[in-house]
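Undergrad: can't give you the sequence, but here's the structure:
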């Protein structure tokens, strides 16, 4: 989708999709390590395109590439700087209107932490898609955790410190392993669907997405590894960050929570736990939709499921003028 740059800073570029729409602005928030094209995968499977076509004013924050020089950046960088500045830039560009966040995976967690910590920001509502907070409910973590606990976390710590983070090649492999069944059966699926142009276009778009994975900064990866996966801090709804404790119960805006029914990275049970910890939100709505981790956001089935729930939620809280 065509877009225009409206703000730039370290590890952030804020774009406005064109043509401009009506209503309060919607800011799309990607996770770390995944390219921002997750929201604009291809024509027909682009949430950005869908929202623009619905007449909405849509923005995107893109973190760009992460290098070895960024190894010292922690989660605080995104919660204290990147997201607050992006939200303020979007509101300013939209004439001072409040901003509705739509976030995927870790982008959802970062958005929730930001909303809980910064009540002064012009956040009107928050939608999280495939954002897990209970790591004990993730089967992929189960085989690693006992060994990590036995070694006090040192099974991975020396590697990410030496490399300055998780390299993009490793991130790509991890994403592929999470959907290993689809990787193994991909040749057969292609042969079976040679006459289905939409199916083949989707495969090509997912391959392009996977090939553009981004590295994790070292400090951020360490925090995710030790605080999220080993200690499972988020399951309690609170996180010590930058010298203060952020409680998700302090989120004070309506929240929509969406999980994928076949998501190996963020299973529905790991995502649904958000409903239990967002006690301060005036509304928390939960839906399970078809798809894996990327599919629930940008799969062909998402057009009639996930996107419909996003449309309904925004229609209630952000009616178009």
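TA: Received the coordinates, thanks. Treat the numbers as computed from the prediction; the structure is a model and nothing was measured.
Undergrad: Without its sequence neighbours, what residue ends up closest to residue 290?
TA: Closest residue in space to residue 290, ignoring its immediate chain neighbours: residue 301 at 4.3 Å, by C-beta to C-beta, 6 or more residues apart in numbering. All C-beta atoms are positioned from the backbone trio N, CA, C, and that covers glycine.
Undergrad: got a list of what that neighbour touches?
TA: By C-beta atoms under 8 Å, 6 or more residues apart in numbering, the contact list for residue 301 reads 289-291, 295.
Undergrad: Repeat the analysis, applying 7 Å as the threshold.
TA: 290-291, 295 (C-beta atoms under 7 Å, 6 or more residues apart in numbering).
Undergrad: before we move on, what about residue 255?
TA: Counting by C-beta under 7 Å, 6+ apart, residue 255 has contacts 126, 128, 278, 281, 283-284.
Undergrad: repeat that for 10 Å
TA: 101, 108, 111-112, 115, 125-128, 248, 274-275, 278, 281-286, 313 (C-beta atoms under 10 Å, 6 or more residues apart in numbering).
Undergrad: Among these, which ones are in strands?
TA: If you go by DSSP state E, those have 101, 125-128, 284-286 in strands.
Undergrad: Pretty sure residue 310 sits against residue 47.
TA: Yes - between residue 310 and residue 47 there is a contact under C-beta atoms under 10 Å: 7.4 Å.
Undergrad: between those two, what contacts are shared?
TA: In contact with both residue 310 and residue 47: 26, 102, 129, 297, 302, using C-beta under 10 Å, 6+ apart.
Undergrad: among those, who's most crowded?
TA: Highest neighbour count within those, by other C-beta atoms under 10 Å: residue 129, with 32 neighbours.
Undergrad: give me the beta-bridge partners of it?
TA: residue 104, residue 258 (DSSP bridges).
Undergrad: Would you agree it is in contact with residue 106?
TA: No - applying C-beta under 10 Å, one finds residue 129 not in contact with residue 106, separated by 11.3 Å.
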